[in-house]
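[1] Compute the structure for the input listed below.
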Amino acid sequence: MSTRDSAEDWTVHEDAESAIERLDALYNAEIGRLVEGFTAYSEGRLATRVRAVYPAVRVTIADVDAEPGPIPAA
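    Sure thing, here's the model as predicted:
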């Protein structure tokens, strides 16, 4: 079971919705990896360690001189 956690796997998103969709997919994949590993361990067929990562977010502000807009209600 390999874990994807390198900068080459990072993606760029121009909007929050697509970034959240990607984070959700990554998070669910890692949870699946842990569940699979736990199941294998409980059945006595785990041969190696199971490692998962928590997805990270990096925000880059392109225009620091822009006026901030209103914060949308949650």
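
[2] So which residue is smack in the middle of this protein?
    Geometric centre of the chain, nearest residue: residue 55, 2.7 Å, by CA atoms, centre = their mean.

[3] In space, what's closest to that one - neighbours in sequence excluded?
    Distance criterion CB to CB, 6 or more residues apart in numbering; nearest residue to residue 55, sequence neighbours excluded, is residue 26 at 4.0 Å. Where C-beta positions appear, they are placed from N, C-alpha and C, glycine not excepted.

[4] where does this protein have low pLDDT?
    1-7, 63-66, 74 (pLDDT under 70).

[5] before we move on, the earlier item: may I ask you to confirm that the residue nearest to residue 55 is in contact with residue 52?
    No: assessed by CB atoms under 8 Å, residue 26 is found out of contact with residue 52, at 10.1 Å.

[6] Please identify the buried residues of the strand or helix carrying the residue nearest to residue 55?
    Under the criterion of DSSP states H and E, residue 26 resides in helix 16-42. By 16 or more other CB atoms under 10 Å, the buried positions in helix 16-42 come out as 22-23, 26, 30, 33, 37.

[7] Nearest to residue 70 among these?
    Proximity of these to residue 70 was ranked by CB to CB; the top entry is residue 23 with 23.7 Å.

[8] contacting residues for the closest one?
    The neighbours of residue 23, taking CB atoms under 8 Å, 6 or more residues apart in numbering as the test, are 55, 57.

[9] gap between it and residue 56?
    9 Å (CB to CB, to the nearest Å).

[10] tell me which of the buried residues of helix 16-42 is nearest to residue 72?
    residue 23 (18.1 Å).

[11] Give the helix, strand or coil label for the residue nearest to residue 38 when sequence neighbours are not counted.
    Spatial nearest neighbour of residue 38, excluding adjacent residues (CB to CB, 6+ apart): residue 50 at 7.4 Å. Each residue gets one of three states, and residue 50 gets coil by DSSP: H, G, I helix; E, B strand; the rest coil.

[12] That's all I had, so thanks and see you.
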